[in-house]
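Colleague: Generate a structure from the sequence data that follows.
(one chain, ligands or ions: 1)
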Amino acid sequence: MIEILFLLLPLAFYSGWKSAKKNNLKQCVESNKLADDYVKGVNYLLSEKPDKALEVFINHPDVDEYTAETYLLLGNMFRNRGEVDRALRLHQNLMARSSLNKDQKAAVMFALGEDYSAAGMLDRAEGVFQELLTTSPHAINACIPLRQIYEQTHEWEKAIEATKCLKQKKMPIAYQKLIAHYYCEMAETEMEQGNLHRVEEYIAKAYKSCKKSARVMALQADLYDRKNNYKQAFTLYLKALKNDMHLLTHLFEKITKVAMKIGKIKEFEIVLFELYGRDDSVLAYLLELVGLDSSAQIATDFLLEDLKRKNLDIYSISKSIEILQANEACSENEKLSRIKLALDHYLQRKATFQCLSCGYQMQDYLWRCPACYQWDKVSHA
Ligand SMILES: [Zn+2]
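Modeller: Reported below is the predicted structural model:
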């Protein structure tokens, strides 16, 4: 509620200024009436009676360029509290006022578009933001919510246009990456439908937008795999992995599959050893390869040593037990089996992936977090 008190400040200043400036009784009375109504409205807000407060604000006839700013913020406050209906009523009422100047009209339109977005009325929000871009060429920021709308509706070409419209002199890296993601989304849809030539076109465009995108590399590797070109697929998967090792969980099965086809498990193992030096969680995957490679370099002694020394995650511990169980020298097999079973039950309930930004958990890998809508933030949980 502290934000409501801040809403009082501009009006207090305004009321005092207006009274001082217009030194006649009638105007002073009008000014005080405005302040009285305003305080009444704020009191309703503080008493948790937002509908009564809204009536006071909406029915007040005297909204001018000074108070409009405060009303705009009040509407935004309603939206931020999840009271989208109230935000919409206030902003729509404000929009109908003839006393607003051009910049204020643009600001209210922007707020209205955000209200519609928050209410899930994406068509109306899109309409408002598009109109804003047409009527107010300086309102370039409308491209940001437009891009977010097109992400939600999976209209990737439009999302690309909305991102490009934000471009100033040089496209920032973050936007280049976003555009690469949008092309990859379209490429994946075409891949599912078997239109491989279209996939190639979109991958080429994605590369053009962002050469260093690990997703584009991984997608190109998928395409090579689809065309039975396993050597190139393997090389590109590893390149993607080295570029962004958060992708290990997502790519592990794919890389292992192509590595087995071309006898490159050992090479994959070496790459994982390198990554293990940077991140202990790689051990679980390294151990997974042990079962596939009879000449694996990882000895049980080495593993036992790391179990003592390192702060391993639960996947690595579970995998370690599996490896120890397979070792005939281990005489505690039955006890280990029970521990392994308990860990397996636990891991079945545990989410595989988690957003590094907001903590949202999920079972399948997603390039864009469905909770906070950020790209490239999903990692192993
Ligand atoms: Zn998130």
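
Colleague: Write out the residues of this protein neighbouring the ion.
Modeller: Cys355, Ser357, Cys358, Tyr360, Cys369, Ala371, Cys372 (C-beta under 5 Å from the ion). (Glycine included, C-beta is placed from N, CA and C.)

Colleague: Just confirm the last one is within a strand.
Modeller: No - counting by DSSP: H, G, I helix; E, B strand; the rest coil, Cys372 is located in no strand; its state is coil.

Colleague: residues contacting it?
Modeller: When contacts are counted by C-beta atoms under 8 Å, 6 or more residues apart in numbering, Cys372 touches Cys355, Ser357, Cys358, Tyr360.

Colleague: quick check, nearest of those residues to Ser98?
Modeller: Cys358 (42.2 Å; C-beta to C-beta).

Colleague: For the closest one, which residues are in contact?
Modeller: Cys369, Ala371, Cys372, Gln374, Lys377.

Colleague: As a markdown table, the residues you listed with pLDDT would be great.
Modeller: Converted to a markdown table, the contacts of Cys358 look like this (pLDDT from 0 to 100):
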| residue | pLDDT |
| --- | --- |
| Cys369 | 95 |
| Ala371 | 94 |
| Cys372 | 94 |
| Gln374 | 94 |
| Lys377 | 93 |
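
Colleague: Could you pick out the buried ones from these?
Modeller: Buried members of the contacts of Cys358, counted by 16 or more other C-beta atoms under 10 Å: Cys369, Lys377.

Colleague: and the contacts of Cys358, which two are the farthest apart?
Modeller: Ala371 and Lys377 (9.9 Å).

Colleague: any residues in contact with both of the two?
Modeller: Any residue near both Ala371 and Lys377 by C-beta under 8 Å, 6+ apart counts here, and that gives Cys355, Cys358.

Colleague: Hmm, Phe353 and Ser379 touching each other?
Modeller: Yes - here Ser379 lies in contact with Phe353, judged by C-beta atoms under 8 Å, at a distance of 6.8 Å.

Colleague: Mind listing the shared neighbours of those two?
Modeller: Jointly contacting Ser379 and Phe353 under the rule C-beta under 8 Å, 6+ apart are Thr249.

Colleague: what about stretch 151-165, distance to the chain center?
Modeller: Remark: stretch 151-165 is offset 15 Å from the chain centroid, using C-alpha atoms, centre = their mean, to the nearest Å.

Colleague: start to end distance for that stretch?
Modeller: 15 Å (C-alpha to C-alpha, to the nearest Å).

Colleague: Give me the buried positions along that stretch.
Modeller: Buried-residue list, stretch 151-165, by 16+ other C-beta under 10 Å: Glu151, Trp156, Lys158, Ala159, Ile160, Glu161, Ala162, Thr163.

Colleague: my read: the second one touches Arg147, true?
Modeller: No - the criterion here is C-beta under 8 Å, and Trp156 misses it with Arg147 at 10.5 Å.

Colleague: in the stretch 201-350 of the chain, which spans are helices?
Modeller: Along the stretch 201-350 of the chain, counting by DSSP state H, counting those that start in this stretch, helices occupy 214-226, 230-243, 248-261, 265-276, 283-290, 300-309, 314-326, 333-349.

Colleague: what's the neighbour count on Asp225?
Modeller: For Asp225, the number of neighbouring residues by other C-beta atoms under 10 Å comes to 20.

Colleague: What residues does it make contact with?
Modeller: Ala233, Lys254, Lys257, Val258.

Colleague: Pull the contacting residues for the second one.
Modeller: Applying C-beta under 8 Å, 6+ apart, we find Lys254 in contact with Ala218, Ala221, Asp222, Asp225, Tyr237.
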